[in-house]
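Chemist: my questions concern the predicted model and sequence given below.
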Protein chains: 8
Amino acid sequence: KRKGFPEVIYGEGKTAEQIQAIFSRLMTHHETVLATRISKEKAEQLVPQLVHVTYDECSRTLLYDERKSFRSYGKVGVLCAGTSDLPVAEEAAITAQAMGLEIARFYDIGVAGIHRLFDQLEQIRTCDVLIVVAGMEGALVSVVGGLVQQPILAVPTSIGYGASFHGVAALLTMLNSCASGVSVVNIDNGFGAAYQAALISRIKKE
Amino acid sequence: KRKGFPEVIYGEGKTAEQIQAIFSRLMTHHETVLATRISKEKAEQLVPQLVHVTYDECSRTLLYDERKSFRSYGKVGVLCAGTSDLPVAEEAAITAQAMGLEIARFYDIGVAGIHRLFDQLEQIRTCDVLIVVAGMEGALVSVVGGLVQQPILAVPTSIGYGASFHGVAALLTMLNSCASGVSVVNIDNGFGAAYQAALISRIKKE
Amino acid sequence: KRKGFPEVIYGEGKTAEQIQAIFSRLMTHHETVLATRISKEKAEQLVPQLVHVTYDECSRTLLYDERKSFRSYGKVGVLCAGTSDLPVAEEAAITAQAMGLEIARFYDIGVAGIHRLFDQLEQIRTCDVLIVVAGMEGALVSVVGGLVQQPILAVPTSIGYGASFHGVAALLTMLNSCASGVSVVNIDNGFGAAYQAALISRIKKE
Amino acid sequence: KRKGFPEVIYGEGKTAEQIQAIFSRLMTHHETVLATRISKEKAEQLVPQLVHVTYDECSRTLLYDERKSFRSYGKVGVLCAGTSDLPVAEEAAITAQAMGLEIARFYDIGVAGIHRLFDQLEQIRTCDVLIVVAGMEGALVSVVGGLVQQPILAVPTSIGYGASFHGVAALLTMLNSCASGVSVVNIDNGFGAAYQAALISRIKKE
Amino acid sequence: KRKGFPEVIYGEGKTAEQIQAIFSRLMTHHETVLATRISKEKAEQLVPQLVHVTYDECSRTLLYDERKSFRSYGKVGVLCAGTSDLPVAEEAAITAQAMGLEIARFYDIGVAGIHRLFDQLEQIRTCDVLIVVAGMEGALVSVVGGLVQQPILAVPTSIGYGASFHGVAALLTMLNSCASGVSVVNIDNGFGAAYQAALISRIKKE
Amino acid sequence: KRKGFPEVIYGEGKTAEQIQAIFSRLMTHHETVLATRISKEKAEQLVPQLVHVTYDECSRTLLYDERKSFRSYGKVGVLCAGTSDLPVAEEAAITAQAMGLEIARFYDIGVAGIHRLFDQLEQIRTCDVLIVVAGMEGALVSVVGGLVQQPILAVPTSIGYGASFHGVAALLTMLNSCASGVSVVNIDNGFGAAYQAALISRIKKE
Amino acid sequence: KRKGFPEVIYGEGKTAEQIQAIFSRLMTHHETVLATRISKEKAEQLVPQLVHVTYDECSRTLLYDERKSFRSYGKVGVLCAGTSDLPVAEEAAITAQAMGLEIARFYDIGVAGIHRLFDQLEQIRTCDVLIVVAGMEGALVSVVGGLVQQPILAVPTSIGYGASFHGVAALLTMLNSCASGVSVVNIDNGFGAAYQAALISRIKKE
Amino acid sequence: KRKGFPEVIYGEGKTAEQIQAIFSRLMTHHETVLATRISKEKAEQLVPQLVHVTYDECSRTLLYDERKSFRSYGKVGVLCAGTSDLPVAEEAAITAQAMGLEIARFYDIGVAGIHRLFDQLEQIRTCDVLIVVAGMEGALVSVVGGLVQQPILAVPTSIGYGASFHGVAALLTMLNSCASGVSVVNIDNGFGAAYQAALISRIKKE
Ligand SMILES: Nc1ncnc2c1ncn2[C@@H]1O[C@H](COP(=O)(O)O)[C@@H](O)[C@H]1O
Ligand SMILES: Nc1ncnc2c1ncn2[C@@H]1O[C@H](COP(=O)(O)O)[C@@H](O)[C@H]1O
Ligand SMILES: Nc1ncnc2c1ncn2[C@@H]1O[C@H](COP(=O)(O)O)[C@@H](O)[C@H]1O
Ligand SMILES: Nc1ncnc2c1ncn2[C@@H]1O[C@H](COP(=O)(O)O)[C@@H](O)[C@H]1O
Ligand SMILES: [Mg+2]
Ligand SMILES: [Mg+2]
Ligand SMILES: [Mg+2]
Ligand SMILES: [Mg+2]
Ligand SMILES: [Mg+2]
Ligand SMILES: [Mg+2]
Ligand SMILES: [Mg+2]
Ligand SMILES: [Mg+2]
């Protein structure tokens, strides 16, 4: 495990009891502990038991963060088109933050209203790495990729219906993106994109 | 069949002999006859036999067009990103023309170089209907759809490799487009898009 | 956004609170506001809060419509085979109406009882555009397409079981339709078909 | 094997030598021997070697038929929409004939020109069983099924392009047919449909 | 509709109220009315309202049958391997019976215990048509098909897990059966197989 | 690598030159060298260059085997239904032999003629392990599995057409087999089944 | 059924009543009875009714085991990467044990922490057969296969999200494993792997 | 386009004439021009026409590189398991080099012989970014990912047969990798991985 990286627990398929046991054990040795995919129900059991822990309902993360100082390893921009992609975008943002990155959120950047993307381009270009989260047809990745020179980590989301096939349409769009400088993680894997962004950002500091 | 619409022969899976027989029979009664999906080999057999007929290698169409006057039923814009999509774009363009539409070609309009799209936007907006042809990830449809108010007929193409799955990725992108005002035809079906464009354009004149 | 088009909210994945906030904000500036994919539960929360709003259970739409005058931009026919396709057909119909189209409903037009289609053909041909909604095998589109000269917007529905694969069978049928003049929208996307019908109809008036 | 049924050799993946060996051995003991899926190249080798044998290029069948008397076990109608489905339709027709059925061919019966179907309906209804062969979207099966009371054996064909997926679209259409009285065989399996038709027809005579 | 055939209502996606309305209307004009896909909950509402109606929980059918005399049009054998396939097998059996067929049930005929199939072969061969219902890998169809000369209607079921893909594995097995004389209906479509069996059996009596 | 196991070269995608180089190097140190997936063309180049090497056209293997003594580690039965599966069955047989197993071939054991299976059952039961090779619908595996108590290694083959999907139908059948004691290798992977059979047989001798 | 093998009931899709009836009947004649896929709810009904029976919540098995003596037929190693795969791994372990195998569990052997695998390699190599259970990407199978000479039975699990497609990704990985000596069972089929392991182990003792 | 990045031509689907025209035009203005996916046949036409250009048969690239000085922007490791993955690995390597990266090749690093990976680990860890190329089951990515802290760009290749589905199996494995710090590009897209590696490496220098 990389120095300065938090311990991370994947909450899906674990009971609240299992999570609590792992979480409190890790808290005794680490400054930062993160659990992802924590449902509201489990959080309600866990938060009273684990002191100094914050639950974020949107991203479904549970974070213990007692870092004395915050040394930024870089700045990651998280882009998405709107409310339905927020849980995945926020999973990425919270994870990236726990891994020592500064976060810039661009959450109203959809292909349907492309001028909003242009309005923010200056800001977007100040980031080291970009995480682009998109469901339905995932075209946002290609558009952003054509406009910037940052490496893009693309995250398809499972939102949509019919022929979106739970994220497969967006995944394929991203894998086939005509823009260079795009690599892709699993459907809904905000965590994975953030982790990769953190590894990338570290290169520059070491 | 609509008044003023050409007779159309689908050449795939027919021998040159079969096509010649049908074509010459139709030529005796109609001003315009179109054959699509004609390979270069078949064309070399057919052109010497069928007088007043033009073969277009790119679109793989064979056209007999003896219309005395050209009454335009509307103007269709055909958009694509570059050389690989040309055969499908041209199948659409030639078909639309044979059906009495004016054609405006926008063939360098890719998501990767989005400024070229903006440069042409004024021109694109003068069309009644748009045909957007795109392979790989098909994002062009959503971008154009977000910028214009014309109905868009989206044509996925089978170009690409790997996870493009012979046009399936582009097809899914288009079906899931976040832009409203998009409907889709079969992979590589330039003809179908043009026919639909012609039907749509006729509404206004009748 | 087109002049005279309503604002539309996509209700799926938004809480009743979120929908209410957006809806009431839009009501202050617009004559017509439409929300689609509103479950009965959410509607029960929303209707008492939003005055002058009508919920339609079948189409799952919430409509605020204070247009002073109704100027028809055209007439759209909505066709389907029976009860199971009604929610999608009605999403199309209500949306089209909110967008300034006259609606003619043909809701008992199945391939299994083809004479009913013939009985209504005269009426169907008075429309400018047709929306054909069909699940299971989607053959209705090809049959209607062979009989009329209107552009057809085909909407596959997710009803059926087994090898219908939640609408994929109907989607493929429609994309492969042997009838010309058919373009397709996403599975269950009645809204999208109606929007496209409205764009098409506007051509004629402008 | 049923009394009166021919021996059948499946030619695909067998060399001309292998086919000749099996064929001539069977000819010594049987009045009727049929080989299917015989390419033109193999036929050119085989026909000179096997006396009293007829090759049919369209259906790609090789038939030895020395029946003294022809006792008809029933009448099967074979329906399809046109030239591209002929090889499969003819594989069905030739096989059925070799199995002792009378054949009525209806080869211009497409959904796109539905009046031709109505013109022939009287004749179609004189058959005991129907084999309906269709590619692309396969809608013909549902239309015929809604009009007649014969059992229908549906054969999807692999013709088409793009989202026809080599017959899968037609296969799904047929499996999901809203018409009752339809059962389906493998893509391009004209032989299988004819064999089943022969079994069905025998019931009545025994 | 064929003389002597019952009216059939497809219950899926209809409310108890809708079913009751259709059912009682049909009861006033027909001797036999059948509804399929009726959940236990709906049946509990319906049975008290509809006199002379029988609900069968296993097949999920509701039957009204006041035929004065029972004229058998033939005998259909229904075969399956065990408990999990019973709902589909019984949907077929009850439907076939309502359509005037005699039923012979063979419900312990699995490939895993093939001797039980051999024990019953004599009985199976007395039927006119066979309906073979099978889930998981669907091999039963090929085994039975190799042993008998009756036409087989194969019904894949959606039981199983993992790579059974809700009936797709069984469906493919059946479509590819090496045994001749097999045609296939949709996954879980016991009704469709019975209807086809009834049409087939009628041939012989007419 | 296990003691007594041959070196194996996978020939696909290697040039004749590359194969020759590897093969002759291995021959200097090993008693047995096997190359699989060697086309006839490559073999014609290779055989004259590599002394003491045997090419088998059916299995497409090239074998160098200078073992002084043959110690049998067990007996494997290889079963298939007929000519089309032979290349895969023989790849398995030749590989198994090179790995020190005795081979019993049962190559006419199809579900369509099940009595031939019963005739050989006594012999089949003398084997330690069985390799069952089957294409199309793959039902043979379940039938054999229900009759014997040997572990079965199932090999789907890519033969067939239409809905056999190049071996996927057979693969799914085998993964879903109702018979216990079946495990599966990749489509056409006769080599893999033989290798696994050899590992299994070794257990008993060690 | 093999001598010394338990009777096994597949609990999925059977009611508690059905299971109890079968289970108690088998208990009167057999020393060992196993039921798999028993939910906690059903177990709560069953355990009080069936004396001497043990329910294991993790593996969802119900076991009656009154064997007087335990004769080990071999030793199977069960390997997996962690908590999410435990239910399938334990289904395999409990089944194997009921079938007379010794079990060695290696439950923290993930590709992500490969040193733990190396630490246990000595122990793993003492087994006769290995069952490797893995979800997500299933890479564990190839890694273990490259390090040991035991036959490996690979079990993909349905855990994961997005592009794991309920176990399909792991299934494909395992079928394509570059390591020789791997054969695969259905997704989540711990039972099937254990049964195969028992058959394999018996070879050596007989 | 990034400063110092070469112009790149995608050769697939372009004629030699088209490529030559674009290539020579670019050569007049740029120090480095790269064309990928150039078949040997096209190269034989092109090389004599374009001076100072090198064709590499394995990677199928054509490179013009007249950079005066080579400033390294970082070091990328390219890993694969052997000969069949070389074309994709070399497309990545040549591209990366043209983009100003130092290349370290690790081309015998397969999961089947894991010790070779361990032998090179020290060297691998000296790289800034890793490109891991793998076909068949793609497990290499997870293994490497568990051992190093560099960001990994995973490239699935289309080699393999049967259930490898032309690279889909490897693609899914990589998307589901249990190792963090992995992002994926399209099947066979060595170019895309290299471009992304170059963008990532630039961060550190700017
Ligand atoms: N049923 C629907 N299906 C697809 N798109 C819809 C639907 N209803 C509304 N939309 C689109 O969703 C947009 C609003 O999305 P949102 O801002 O998320 O509420 C509208 O402008 C429409 O373009
Ligand atoms: N076109 C066909 N498609 C499917 N099965 C066929 C076809 N032609 C023949 N068959 C079957 O193949 C058997 C002969 O197979 P074989 O012994 O391999 O020549 C016949 O008895 C038929 O059952
Ligand atoms: N279980 C079933 N599966 C498929 N089709 C059915 C089923 N039950 C009834 N049907 C068909 O559905 C028709 C009635 O549909 P509906 O008018 O929607 O009730 C009947 O005439 C049958 O053709
Ligand atoms: N037909 C085959 N299918 C799958 N794997 C094979 C086959 N033949 C050989 N192999 C494997 O490929 C390895 C050799 O690969 P290579 O070094 O590329 O020649 C052998 O050790 C076997 O494990
Ligand atoms: Mg870019
Ligand atoms: Mg628009
Ligand atoms: Mg029409
Ligand atoms: Mg009918
Ligand atoms: Mg039979
Ligand atoms: Mg067995
Ligand atoms: Mg091994
Ligand atoms: Mg790592």
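Modeler: The structure has been received and is ready for your questions. Ligands and ions are numbered 1, 2, ... in the order given.
Chemist: which one of the residues in chain A is closest to chain G?
Modeler: Per CB to the nearest CB, A:I187 is where chain A lies closest to chain G, at 3.0 Å. No exception for glycine: its C-beta is placed from N, CA and C like everyone else's.
Chemist: which residues does that residue contact?
Modeler: The neighbourhood of A:I187, defined by CB atoms under 8 Å, 6 or more residues apart in numbering or on different chains, consists of A:155-158, A:166-168, A:170-171, G:161-163, H:175.
Chemist: and which of the residues you listed is nearest to ligand 5?
Modeler: Taking CB to the ion as the measure, ligand 5 sits nearest to A:V155 out of these, at 16.5 Å.
Chemist: my guess is the closest one meets A:S183, correct?
Modeler: No: between A:V155 and A:S183 there is no contact, the gap being 10.7 Å when judged by CB atoms under 8 Å.
Chemist: which single residue of chain A ends up nearest chain C?
Modeler: For chain A, the residue positioned closest to chain C under CB to the nearest CB is A:G162, at a distance of 2.9 Å.
Chemist: what's near enough to touch the spatially most central residue of chain A?
Modeler: Residue closest to the mean C-alpha point of chain A, counted by CA atoms, centre = their mean, is A:A92 at 0.8 Å. Remark: with contacts taken as CB under 8 Å, 6+ apart, A:A92 is in contact with A:78, A:131, A:133, A:155, A:190-191, A:193-194, A:197.
Chemist: which of these has the most neighbours?
Modeler: Sorting the contacts of A:A92 by how many neighbours each has (other CB atoms under 10 Å in any protein chain shown) puts A:V155 first, at 36 neighbours.
Chemist: helix/strand/coil for it?
Modeler: Judged by DSSP: H, G, I helix; E, B strand; the rest coil, the three-state class of A:V155 is strand.
Chemist: what of A:R67?
Modeler: In three-state terms, and counting by three-state DSSP, A:R67 is coil.
Chemist: thought it was touching A:E31?
Modeler: Yes: using CB under 8 Å, A:R67 makes contact with A:E31 at a distance of 5.0 Å.
Chemist: which elements pack onto the longest helix seen in chain A?
Modeler: When every helix of chain A is counted residue by residue (DSSP state H), the longest turns out to be helix A:190-205. Contacts of helix A:190-205 with other secondary structure elements, assessed using 3 or more CB pairs under 8 Å, 6 or more residues apart in numbering or on different chains; DSSP states H and E, are made with strand A:75-79, helix A:86-98, strand A:129-134, strand A:152-156, strand H:182-184, helix H:190-205.
Chemist: A:V141: what's it in contact with?
Modeler: Applying CB under 8 Å, 6+ apart, we find A:V141 in contact with A:132, A:134, A:152, A:154, A:173-174, A:177, A:179, A:182, B:139.
Chemist: how much space between it and chain F?
Modeler: Taken as CB to the nearest CB, to the nearest Å, the spacing of A:V141 relative to chain F amounts to 31 Å.
Chemist: ok, the helix or strand harbouring that residue near ligand 5 or not?
Modeler: With the criterion set as DSSP states H and E, the secondary-structure element containing A:V141 is helix A:140-147. Yes: counting by CB under 5 Å from the ion, ligand 5 has neighbours in helix A:140-147: A:G145.
Chemist: can you find the helix or strand in chain A with the smallest mean pLDDT?
Modeler: Lowest mean confidence among the helices and strands of chain A (mean pLDDT, DSSP states H and E): helix A:190-205, at a mean of 92.
Chemist: show me the shaky parts of chain A.
Modeler: Counting by pLDDT under 70, chain A has low-confidence residues at A:1-3, A:204-206.
Chemist: next, the contact list for the closest residue to ligand 9 within it, please.
Modeler: For chain A, the residue closest to ligand 9 is A:F165, as judged by CB to the ion, at 38.7 Å. Contacts for A:F165 (CB under 8 Å, 6+ apart) come out as B:L172.
Chemist: how near is it to ligand 1?
Modeler: Counting by CB to the nearest ligand atom, to the nearest Å, the gap between A:F165 and ligand 1 amounts to 15 Å.
Chemist: pretty sure that residue is in a strand, no?
Modeler: No: looking at A:F165 with three-state DSSP, it is helix, so not inside a strand.
Chemist: quick check, the residue in chain A closest to ligand 4?
Modeler: Scanning chain A for proximity to ligand 4 using CB to the nearest ligand atom identifies A:L175 as nearest, at 26.8 Å.
Chemist: re earlier: and the residue lying closest to the residue of chain A closest to chain C once chain neighbours are set aside, helix, strand or coil?
Modeler: Excluding the flanking residues, the one nearest A:G162 by CB to CB, 6 or more residues apart in numbering or on different chains is C:I187, at 2.9 Å. Classification of C:I187 using three-state DSSP returns coil.
Chemist: for A:A197, give me its contacts.
Modeler: Counting by CB under 8 Å, 6+ apart, the residues that A:A197 touches are A:74, A:76, A:92, A:96, A:99, A:101, A:129, A:131, A:153.
Chemist: recalculate using a threshold of 6 Å.
Modeler: When the contact criterion is CB atoms under 6 Å, 6 or more residues apart in numbering or on different chains, the partners of A:A197 are A:76, A:96, A:129, A:153.
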